[in-house]
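# the sequence and its predicted three-dimensional model are supplied below.
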Amino acid sequence: MSKDNLLVSLENAGIYKSPKWLIRGVSLEVKSGQIVTLIGPNGSGKTTTAKMVLNILEPDEGSLKRYTNKIAYVPQKINIDWTMPLRVVDFMRLTNNLSNNEIIESLNQTGVEKLFKEQIHGLSGGEFQRVLLARAIAKKPELLVLDEPVQGVDFNGEIDLYNIIKNISANLNCGILLVSHDLHFVMSATDHVICLNGHICCSGKPSSVIKDKAYIELFGEHRSKTLTYYQHDHDHTHASDGSVSS
Amino acid sequence: MLDDFFTRALVAGIGIAIITGPLGCLVIWRRLSYFGDTLAHSALLGVTLAYAFSLNIAFSVFVISAVIALLLLNLQKRTRLAGDSLLGLLAHSTLAIGLVLMGFLSSIRFDIMGLLFGDILAVTLQDIALVWIGGFIILGILYFIWKSLFSATVNYDLASAEGMKPNIYNMIFTLLLAGVIALSIKMIGTLLITGLLIIPAAASRNITNNPKQMVFVAILIGILSVTIGLFTSLELNTSSGPSIIVIALILFVISLIPLELRGKLQK
């Protein structure tokens, strides 16, 4: 690994799709143990930027430098057709060979170890999201890219998953690139926020970004205040099936 | 034992069913039924060229199918026509070119019915060797690239992000598909090859719940279809290809029964 544990960097990168630039002039870095978050409205180029980092899309200008191959990805959308019979355990082994124990261990981390033998098609949106996250962390990646990882998850589950993500970053010391429109998490756990709208509007530490004019303009003063300062304290936690566990 | 034409057909047919099982599963997972069909239509052109230049039929069909597959990928980048339009364009124009060329070669007698629907009597020892050696190579390659190909089948972006290089393996898969069509054209015929790829795999999906199981059961259903189909063809004096496909269809209908029962039980 190179100096400062740099995992990946984009330099002035952009993607052109006729007739316009989807995103342009993006520079960013992700280092080990760091959580970098991309926020921005729909169509602002968050997913496109993530795909450049992952080398799924090649930048039409600028460049990508990567210093690791141990990468895991939680895509925003994934449709698995009924014609493909797939159990959770098969899905977990999609890109690498894992023992049953390793699989159960990471399903356990996201609270869905009971789904081990279930068909992927039978899962609810929230359960599937947890399986996606479990699959990604089972690889013990150095770089983890999460595109809207809590969509379809209920409110408490959301906080649960964000805590898991925070723990992953600490335990595996991996770098995380998170795509989110979810402002309150961004504020509590992120090291670096990049606010996109076709280009980088503003970036920096969460506490400085929320005061930035470009940020307030993009999200509106009201929303940025109510959501960003919201904190949820729960005196107990729920397992994925809803039972109270402590 | 292999002197008997029927035994030869059986040995070759079972070989083909073993290859079409896994490839057929991939074809339906990837929604490539019409792609397989297009390659099969273009096979007629391959056969005509083989006669014209005295080439090996399987070799010629493989080359033409591979060219058509690459042409399709190229056309997809150049035009905005939908995939099915391009497939129709390629399928029918190659079929037409094949038939026109056939007209020029009037000195050679073509067994059109045999080409379209397969000919049980025509299977030679060389055909058997071709099917089994070719099949061994195809399945060997498939075994090695399975993980990458499968992950790209489930989700292209995911496979690409996690270093599975889906582009290369998609290309290899296309060539394997061209290969299996080349190997099976004599037995099943150009019009019905896609049926042997898809129907056993579809039947297998109805009664299995994980990918590996689906592949193995598809192979079993394929072998059953070929065996029963060939016996029927012998008894009733029908073409071998259609007989095999009809049996596959019957097995598909039977495979629906467990699904129906499960549905009823849940009500």
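That came in fine, so what should we check first?
# the nearest residue to A:Ala136 once chain neighbours are set aside is in what secondary structure piece?
Among residues not flanking A:Ala136 along the chain, A:Ala72 sits closest, at 3.8 Å (CB to CB, 6 or more residues apart in numbering or on different chains). Placement of C-beta: from N, CA and C, glycine included. In this assignment (DSSP states H and E), A:Ala72 forms part of strand A:71-74.
# enumerate every residue touching the residue of the stretch 101-250 of chain B found nearest chain A.
When scored by CB to the nearest CB, the stretch 101-250 of chain B has B:Ala161 as its residue closest to chain A, at 3.9 Å. Contacts for B:Ala161 (CB atoms under 8 Å, 6 or more residues apart in numbering or on different chains) come out as A:51, A:54-56, A:71, A:73, A:75, A:145.
# pLDDT at it, what is it?
Note on B:Ala161: pLDDT of 91.
# show the backbone phi and psi for it.
The phi and psi torsions at B:Ala161 (degrees, to the nearest 10) take the values phi -60, psi -40.
# hang on, the earlier thing: contacting residues around the strand holding A:Ala72?
Applying CB under 8 Å, 6+ apart, the contact partners of strand A:71-74 are A:54, A:132-133, A:135-137, A:139, A:141-147, A:149, B:157-158, B:161-163.
# what subset of the residues you listed is buried?
Buried members of the contacts of strand A:71-74, scored by 16 or more other CB atoms under 10 Å in any protein chain shown, are A:54, A:132-133, A:135-137, A:139, A:141-147, A:149, B:157-158, B:161-162.
# among those, name the ones in helices.
A:132-133, A:135-137, B:157-158, B:161 (DSSP state H).
# okay if I get those as JSON lines plus distance to B:Leu105?
Conversion of these to JSON lines gives the following (distance: CB to CB, whole Å):
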{"residue": "A:Leu132", "distance to B:Leu105": "57"}
{"residue": "A:Leu133", "distance to B:Leu105": "62"}
{"residue": "A:Arg135", "distance to B:Leu105": "56"}
{"residue": "A:Ala136", "distance to B:Leu105": "58"}
{"residue": "A:Ile137", "distance to B:Leu105": "63"}
{"residue": "B:Asp157", "distance to B:Leu105": "48"}
{"residue": "B:Leu158", "distance to B:Leu105": "49"}
{"residue": "B:Ala161", "distance to B:Leu105": "51"}
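# partner residues bridging the residue most central in space within chain A?
By CA atoms, centre = their mean, chain A has its centre lying nearest to A:Leu146, at 2.0 Å. Listed by DSSP bridges, the beta-bridge partners for A:Leu146 are A:Val74, A:Leu178.
# doesn't A:Ser27 belong to a helix?
No: under DSSP: H, G, I helix; E, B strand; the rest coil, A:Ser27 falls outside any helix and is assigned strand.
# residues contacting it?
A:9-13, A:62, A:200.
# quick check: which ranges of chain A have low pLDDT?
Within chain A, the ranges that satisfy pLDDT under 70 run A:1-4, A:182-188, A:220-246.
# what's the neighbour count on the residue lying closest to A:Glu102 once chain neighbours are set aside?
Leaving aside its chain neighbours, A:Glu102 sits nearest to A:Ala138 (6.0 Å; criterion: CB to CB, 6+ apart). Counted with other CB atoms under 10 Å in any protein chain shown, residues neighbouring A:Ala138 total 22.
# also A:Asn101?
Neighbour number of A:Asn101 under other CB under 10 Å is 8.
# likewise for A:Ile216?
17.
# can you tell me how far it is from chain B?
Per CB to the nearest CB, to the nearest Å, A:Ile216 is found 33 Å from chain B.
# could you name the helices and strands sitting against the helix or strand hosting that residue?
Assigned by DSSP H and E, A:Ile216 belongs to helix A:213-219. Packing partners of helix A:213-219 (3 or more CB pairs under 8 Å, 6 or more residues apart in numbering or on different chains; DSSP states H and E): strand A:192-196, strand A:200-204.
# and of those strands, who's closest to chain B?
Of all these, strand A:192-196 comes closest under CB to the nearest CB, at 19.2 Å.
# name every strand pairing with that closest one and say which way it goes.
Under the criterion DSSP bridges, strand A:192-196 sits next to strand A:35-39 (parallel), strand A:200-204 (antiparallel) in its sheet.
# list the contacts of that strand.
With CB under 8 Å, 6+ apart as the test, strand A:192-196 has contacts from A:23, A:26, A:28, A:34-40, A:44-46, A:49, A:186, A:200-206, A:209, A:212, A:214-215, A:218.
# so where do the helices sit in the chain?
Chain wasn't specified; assuming chain A. Taking DSSP H as the test, the helices found in chain A are A:46-53, A:88-92, A:100-109, A:125-138, A:155-172, A:183-189, A:206-209, A:213-219, A:221-228.
# nope, chain B
Here chain B has its helices, by DSSP H, at B:5-29, B:33-52, B:57-78, B:83-104, B:112-117, B:125-154, B:156-161, B:166-188, B:193-207, B:211-236, B:240-266.
# how many neighbours does the closest residue to B:Leu139 other than its chain neighbours have?
Leaving out its chain neighbours, the residue that sits closest to B:Leu139 by CB to CB, 6+ apart is B:Ile19, at 6.3 Å. The number of residues packed near B:Ile19 is 27, by other CB under 10 Å.
# cool, A:Ile168 as well?
24.
# where in the stretch 51-200 of chain B is pLDDT low?
Ranges of the stretch 51-200 of chain B meeting pLDDT under 70: B:120-121.
# at 90 what do you get?
For the stretch 51-200 of chain B, applying pLDDT under 90 flags the ranges B:51-59, B:69-88, B:95, B:98-127, B:163-167, B:170-171, B:182-193.
# and the helices and strands packed on helix A:213-219: which comes nearest B:Leu87?
Smallest distance to B:Leu87 across those (CB to CB): 38.4 Å, for strand A:192-196.
# which parts of the stretch 151-267 of chain B sit against chain A?
For the stretch 151-267 of chain B, the residues in contact with chain A (CB under 8 Å from any CB of the partner chain) are B:151, B:153-155, B:157-164, B:202, B:205, B:208-211, B:213-214.
# would you map out the domains in chain A?
Chain A breaks down by automatic domain parsing into domains covering A:11-70+A:143-229, A:81-140.
# and A:Ser169, how far from chain B?
A:Ser169 sits 19 Å away from chain B, going by CB to the nearest CB.
# contact partners for A:Leu144?
A:71-74, A:136-137, A:168-169, A:174-177.
# just the residues you listed now: which is nearest chain B?
Looking across the contacts of A:Leu144 and measuring by CB to the nearest CB, the closest to chain B is A:Tyr73, at 3.9 Å.
# what residues of stretch B:140-152 count as buried?
Across stretch B:140-152, burial judged by 16+ other CB under 10 Å covers B:141-142, B:145-152.
# near chain B, which residues of chain A?
Residues of chain A lying close to chain B (CB under 8 Å from any CB) are A:51, A:54-56, A:69, A:71-73, A:75, A:78, A:80-81, A:83-87, A:90-91, A:94-96, A:119, A:139, A:145.
# for ChimeraX, what selects the buried ones among the residues you listed?
Applying 16+ other CB under 10 Å to the residues of chain A next to chain B leaves a buried subset, and the ChimeraX line that selects it is:
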select /A:51,54,56,71,72,73,75,80,84,85,86,87,90,91,94,95,96,119,139,145
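# quick revisit: identify the farthest-apart pair in the ones in helices among the buried ones among the contacts of strand A:71-74.
A:Ile137 and B:Asp157 (18.2 Å).
# hmm, back to that, of the ones in helices among the buried ones among the contacts of strand A:71-74, closest to B:Ile68?
B:Asp157 (27.4 Å).
# can I have the buried ones of the residues of the stretch 151-267 of chain B next to chain A as a PyMOL selection?
The PyMOL selection below is limited to those of these classed as buried (16+ other CB under 10 Å):
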select buried, chain B and resi 151+153+154+155+157+158+159+160+161+162+164+202+205+208+211+214
